[in-house]
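Visitor: 3D, please:
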Amino acid sequence: FWFLGVPQVAHSSRGVMTRFASGGAGYIISRALLPKLSTWSPFCLLQLLQHAGGTGMEDVSLAGCIWRWGRVEVVSYADYETEVITSEAALNRTRVVQKHEPHEALAVPPCAMVVHSVSPE
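Guide: Modelled structure (predicted):
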């Protein structure tokens, strides 16, 4: 079974940390895990409705469900150091911001992702 994505951490008000695959970057669930997840989903939905009124972050809820019932943790499908840009600080550590002459090709890894918030801030 596998659950792939760009791992991030969510902190609850009680101090509990949940490692999840960012929905904005997308996540992938193996075919072998999918039937198991469909069996667990009614229980996970009930818990989501009881604790958050059905609102909230689907990616965090899904990761919590997969971990709680299957003990399957998200695994990154990208090299976090070179292929994923999640902040300005992370951008500044990449070759994207390096100065280059106008005639020089930009030496950026072919699989660079930019992960960003959909909020205007």
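Visitor: Does anything pack onto the helix ranked longest in the chain? Which helices or strands?
Guide: Determined from DSSP state H, the single longest helix within the chain is helix 33-52. When contacts are defined as 3 or more C-beta pairs under 8 Å, 6 or more residues apart in numbering; DSSP states H and E, helix 33-52 sits against helix 58-70. Just so you know, the C-beta spots here come from the backbone N, C-alpha and C atoms, and that holds for glycine as well.
Visitor: just to revisit the earlier point, in the longest helix of the chain, what's buried?
Guide: Leu33, Lys36, Leu37, Trp40, Cys44, Leu48 (16 or more other C-beta atoms under 10 Å).
Visitor: would CSV of the residues you listed with distance to Ala25 and pLDDT be doable?
Guide: Listed next are these as CSV, based on distance: C-beta to C-beta, whole Å; pLDDT from 0 to 100:
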residue, distance to Ala25, pLDDT
Leu33, 19, 94
Lys36, 23, 95
Leu37, 19, 94
Trp40, 23, 95
Cys44, 21, 90
Leu48, 21, 84
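Visitor: which residues sit in contact with the residue lying farthest from the centre of the chain?
Guide: Centroid-distance maximum for the chain: His103 at 36.3 Å, with C-alpha atoms, centre = their mean. By C-beta atoms under 8 Å, 6 or more residues apart in numbering, the contact list for His103 is empty.
Visitor: Is it correct that it falls within a strand?
Guide: No - using DSSP: H, G, I helix; E, B strand; the rest coil, the assignment for His103 is coil, not a strand.
Visitor: If I look at it, what pLDDT would I see?
Guide: Note for His103: predicted pLDDT of 80.
Visitor: before we move on, back to that, for Gly70, state which of the buried residues of helix 33-52 is nearest.
Guide: Gly70 has its nearest neighbour among the buried residues of helix 33-52 in Lys36, at 5.9 Å by C-beta to C-beta.
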